[in-house]
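*Asks:* All I have is the shape, not the residue letters:
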């Protein structure tokens, strides 16, 4: 057993304990998400009513929209957190997340094309177009980032992602200007919201998110070797190309599905993996596990804050996350001294 393995074994109890603690916090946030809002409901009342509908307004609030948005927040948070951690591991880039590398913009373009050009409104239609847009954007970013000497280094990938995102946003803006009906539908979706009326859409999207999560878990062990460089990973027996293809497929399923349902929600996939890495170290298996728990905590907390501050006219979660995530990430980078910046 190497020294690294010995140190990893010594850290295992602390990592397990931290993950259990994070799960406890997640359960508390799930309950608070159904209790907090324009009308406050006592926690014991929430626990008694959830999943057991009764006559009355309180039960309708708990088991109606609040339960739906809590479940959506849990699923979307897990998807974005895991996708962000996987993206950073694949690119060895601390600035990488599905939004910054063009995945969310590609998914958004797919949704706009679905509504504006083909007139498709069914969830499965949105999802397939969102997946296609996310995959196409990811492939283009990798191709552009790999041009020139040195291959796809972190700086070139970040620049390529910014360029592709800007191009796709320009195409989206042009299509929206040409179709007022699509603009009316898109402007609510684009800010990112957990206020999804039909809970059945979550059941329909879950298989895609579950498949993406399974691919991410299968890719996690290889990321530890990939972090040492492509040549070292190959010498250790890793098929680097297959690892990247599998990772891209996972990111597409996770980020594409989450974006198709709730709109583009930035900073979750960027900030959360940094928090997880600070708690667990560089082992990507633990980073992905912690990201899957911490991301829905942040997303649901931001959604609750938006409901409290906005009153009847709630502030959508995408706006709250942007206000919280941007300064937090700047402070995190300055504190850790990330050299790529």
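*Replies:* That came through fine. This one's a predicted model, so the numbers in the text were calculated from it and none came from an experiment.
*Asks:* Low-confidence ranges, the stretch 1-150 of the chain, go.
*Replies:* Low-confidence segments of the stretch 1-150 of the chain (pLDDT under 70): 1-10, 51, 119-125, 149-150.
*Asks:* Show me the helices in it, by range?
*Replies:* Along the stretch 1-150 of the chain, the stretches classed as helices by DSSP state H, counting those that start in this stretch are 3-35, 43-49, 57-61, 67-91, 103-116, 123-145.
*Asks:* how distant is stretch 19-26 from the center of its chain?
*Replies:* Stretch 19-26 has its C-alpha centroid displaced from the chain centroid by 19 Å (C-alpha atoms, centre = their mean, to the nearest Å).
*Asks:* Can you name the residues in contact with that stretch?
*Replies:* Contacts with stretch 19-26, where a contact means C-beta atoms under 8 Å, 6 or more residues apart in numbering, come from 286, 289, 290, 293, 294, 296, 297. Placement of C-beta: from N, CA and C, glycine included.
*Asks:* Check which residues of the host helix or strand of the fourth one are buried.
*Replies:* Looking back up the chat, that one is residue 293. Take DSSP states H and E as the rule and residue 293 turns out to sit in helix 284-310. Using 16 or more other C-beta atoms under 10 Å as the test for burial, helix 284-310 gives 284, 286-307.
*Asks:* Stretch 238-250 too?
*Replies:* 238, 243, 244, 246, 247, 248, 249, 250.
*Asks:* Figure out how far it is from the centre of its chain.
*Replies:* With C-alpha atoms, centre = their mean as the basis, stretch 238-250 stands 19 Å off its chain's centre.
*Asks:* so where's the stretch 151-300 of the chain shaky on pLDDT?
*Replies:* For the stretch 151-300 of the chain (pLDDT under 70), the answer is 151-155, 184-185, 188, 197, 230.
*Asks:* for residue 215, what are its contacts?
*Replies:* Taking C-beta under 8 Å, 6+ apart as the contact definition, residue 215 lies against 246, 247, 249, 250, 253.
*Asks:* neighbours around residue 55, how many?
*Replies:* Per other C-beta atoms under 10 Å, the neighbour tally for residue 55 reads 7.
*Asks:* Distance check, it against residue 67.
*Replies:* Using C-beta to C-beta, to the nearest Å, residue 55 is found at 17 Å from residue 67.
*Asks:* ok, back up a step: same list as before, the contacts of residue 215 that is, but in CSV and with distance to residue 129 and secondary structure included.
*Replies:* Supplementary listing: the contacts of residue 215 in CSV, determined by distance: C-beta to C-beta, whole Å; DSSP: H, G, I helix; E, B strand; the rest coil:
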residue, distance to residue 129, secondary structure
246, 23, helix
247, 22, helix
249, 17, helix
250, 19, helix
253, 14, helix
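*Asks:* how about these in a markdown table, adding distance to residue 17?
*Replies:* Shown next, in a markdown table, are the contacts of residue 215 (distance: C-beta to C-beta, whole Å):
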| residue | distance to residue 17 |
| --- | --- |
| 246 | 31 |
| 247 | 29 |
| 249 | 33 |
| 250 | 28 |
| 253 | 31 |
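*Asks:* Which one of those residues is nearest to residue 168?
*Replies:* residue 253 (19.3 Å; C-beta to C-beta).
*Asks:* May I ask you to confirm that residue 264 is in contact with residue 192?
*Replies:* Yes. Between residue 264 and residue 192 a contact is recorded at 5.8 Å, counting by C-beta atoms under 8 Å.
*Asks:* Just want to know which of those two has more residues nearby.
*Replies:* More neighbours surround residue 192 than the other of residue 264 and residue 192, with 26 against 21 (other C-beta under 10 Å).
*Asks:* gap between the nearest residue to the more buried one once chain neighbours are set aside and residue 95?
*Replies:* Nearest residue to residue 192, sequence neighbours excluded (C-beta to C-beta, 6 or more residues apart in numbering): residue 318, at 2.4 Å. To residue 95, residue 318 is 20 Å away according to C-beta to C-beta.
*Asks:* do residue 296 as well
*Replies:* Distance from residue 296 to residue 95, counting by C-beta to C-beta: 23 Å.
*Asks:* try residue 157
*Replies:* Using C-beta to C-beta, residue 157 is found at 9 Å from residue 95.
*Asks:* Mind checking which of those two has more residues around it?
*Replies:* Shown here are residue 157 and residue 95; by other C-beta under 10 Å, residue 157 has more neighbours (26 against 21).
*Asks:* Any idea which residue is closest to the centre of the chain?
*Replies:* residue 80 (1.2 Å; C-alpha atoms, centre = their mean).
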